[in-house]
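Engineer: Return a 3D structure for these sequence lines:
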Amino acid sequence: MMRFNFFFVLAVVVIFSVLQLSQVETIDVQTIAGLILFALLMFSFMGMADTHVVNQLRQRCRRNLLYALAPLAVLYTLTIAYLALVGQMTTGNLITPLIYLFLPALLLWQDRRSPEYLTWQNLAAILIVWFFIELGLVPQADIPPEKGISFFLLIALNSIIYSFVIIRGLDSVGFRLRPNLDDWKYACIYLGLFIAFFAIPIGFSTSFIRQSAELRAAWQFPVILLGIFLFTGLPEEILFRGLIHNLLAGRLKKDQSELPVLLISSIIFGLAHINNSDPPYIFVHLFGIDWSIPWAYVILASIAGWFYGLAYIRTGSILAPALLHAMVDGWWSYFFNPN
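Structural biologist: Numbers count the residues shown, from 1 in each chain. Model prediction:
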């Protein structure tokens, strides 16, 4: 498992570095530092998909709170160093990462001996992780600068897995990287069902999906899939299936159906896309504010979330829904939304 994770991350780092270096005119210190930091954060994140690494980190965390917070202090130091390098060192940018990294960890440390179900500490930690990114409260820095991916997405991936899997000690998140036959089987089955019976009929009838006049180069398709898997599929499935669905399900007794949890987590996932700017819209005046709600997007995202949840239930891993998520978004992005 560890060998597979290592070579997978190494391949990701090499591909990402080659793509980034091909887009810059001059290779400067910021670019090199950004790529090195990207590699460190990716190896750190993917390393926590290995059970041996998780067990070692948990043993250290059990000693005291300072041991538990030490890796987050390293993340904070890297954050400040990178913000200084790209010229974004402000008082707000010093304080915000401090809150974002340490407050969820402190809440989960307090809750680490609770059963694996949703508590107010879990909920507060999830909302902090989610809303800080969603509302743009974190510093807006890319890695590498300008043409890279969100630096704080990588920080979030590390902090959320570390805080919930290591400090909180959740065993049921299902974070692993090596796919098995069931992962591919359910991802492909649910992809076919979603596209054939929901995405195409609803998408075309509402003009949410429109045929692209010109496709991207064929070599870009696997790159798009890999990028969506790493930076959309995995993060969102960790949050919505590994945490929200998983902790809600813990509140139900074993003899109860998982359908209520599946329904609730799917609706939450759909509503999380309410701020996307993809027509058609429904216009609502609420709380003195005019809202433009992309209703077709929300409906399709909720239905997609249902299938992602089914894949999670069938396999007990976030890998299957993350693969399915990447396939759905990759299909849409490549064939119908090239921009």
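Engineer: so the most centrally placed residue in the chain is in which element?
Structural biologist: The centroid of the chain falls nearest to residue 235 when counting by C-alpha atoms, centre = their mean (0.9 Å). Residue 235 belongs to helix 234-237 when assigned by DSSP states H and E.
Engineer: Just after that helix, pick out the following helix or strand.
Structural biologist: Assigned by DSSP H and E, the successor of helix 234-237 is helix 246-249.
Engineer: Could you list the buried residues of stretch 3-21?
Structural biologist: 5, 9, 12, 13, 16, 17, 20 (16 or more other C-beta atoms under 10 Å). C-betas here are computed from N, CA, C, even on glycine.
Engineer: What lies in contact with that stretch?
Structural biologist: 27, 31, 34-35, 38-39, 42-43, 46-47, 49-50, 144, 147-148, 177-178, 223, 226, 230 (C-beta atoms under 8 Å, 6 or more residues apart in numbering).
Engineer: Could I have the CA atoms of it written out in PDB?
Structural biologist: The C-alpha trace of stretch 3-21 is given here as PDB (Å, rounded to 0.1, in the frame of the first residue of the first chain):
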ATOM      1  CA  ARG A   3       4.700   1.700  -2.200                       C
ATOM      2  CA  PHE A   4       1.600   2.300  -4.400                       C
ATOM      3  CA  ASN A   5       0.900   5.600  -2.600                       C
ATOM      4  CA  PHE A   6       4.500   6.800  -3.000                       C
ATOM      5  CA  PHE A   7       4.700   6.100  -6.700                       C
ATOM      6  CA  PHE A   8       1.200   7.500  -7.300                       C
ATOM      7  CA  VAL A   9       2.100  10.800  -5.600                       C
ATOM      8  CA  LEU A  10       5.400  10.900  -7.300                       C
ATOM      9  CA  ALA A  11       3.700  10.600 -10.700                       C
ATOM     10  CA  VAL A  12       1.200  13.300  -9.700                       C
ATOM     11  CA  VAL A  13       4.100  15.700  -8.700                       C
ATOM     12  CA  VAL A  14       6.000  15.000 -11.900                       C
ATOM     13  CA  ILE A  15       2.900  15.600 -14.100                       C
ATOM     14  CA  PHE A  16       1.900  18.700 -12.300                       C
ATOM     15  CA  SER A  17       5.500  20.100 -12.300                       C
ATOM     16  CA  VAL A  18       5.900  19.500 -16.100                       C
ATOM     17  CA  LEU A  19       2.500  21.100 -16.800                       C
ATOM     18  CA  GLN A  20       3.300  24.100 -14.700                       C
ATOM     19  CA  LEU A  21       6.800  24.600 -16.000                       C
END
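Engineer: Secondary structure class of residue 136, three-state.
Structural biologist: Under the three-state scheme (DSSP: H, G, I helix; E, B strand; the rest coil), residue 136 adopts coil.
Engineer: just to revisit the earlier point, restricted to strands, list the contacts of stretch 3-21.
Structural biologist: Taking DSSP state E, every one of the contacts of stretch 3-21 sits outside strands.
Engineer: circling back: how about the nearest residue to the residue nearest to the centre of the chain, chain neighbours excluded?
Structural biologist: Closest residue in space to residue 235, ignoring its immediate chain neighbours: residue 157 at 5.9 Å, by C-beta to C-beta, 6 or more residues apart in numbering.
Engineer: Can you tell me how far that neighbour is from residue 5?
Structural biologist: Per C-beta to C-beta, to the nearest Å, residue 157 is found 14 Å from residue 5.
Engineer: residue at max distance from the center of the chain?
Structural biologist: residue 288 (32.2 Å).
Engineer: Look up phi and psi at it.
Structural biologist: Reported as degrees, to the nearest 10, the phi and psi values for residue 288 are phi 80, psi 10.
Engineer: Tell me how far it lies from residue 302.
Structural biologist: Counting by C-beta to C-beta - residue 288 and residue 302 are separated by 27 Å.
Engineer: Would you agree residue 246 is in contact with residue 172?
Structural biologist: Yes: at 5.4 Å, residue 246 counts as touching residue 172 under the criterion of C-beta atoms under 8 Å.
Engineer: Residues in contact with both of these two, list them for me.
Structural biologist: Common neighbours of residue 246 and residue 172 (C-beta under 8 Å, 6+ apart) are residue 116.
Engineer: where does the residue farthest from the centre of the chain land on pLDDT?
Structural biologist: Model confidence at residue 288, given as pLDDT, is 77.
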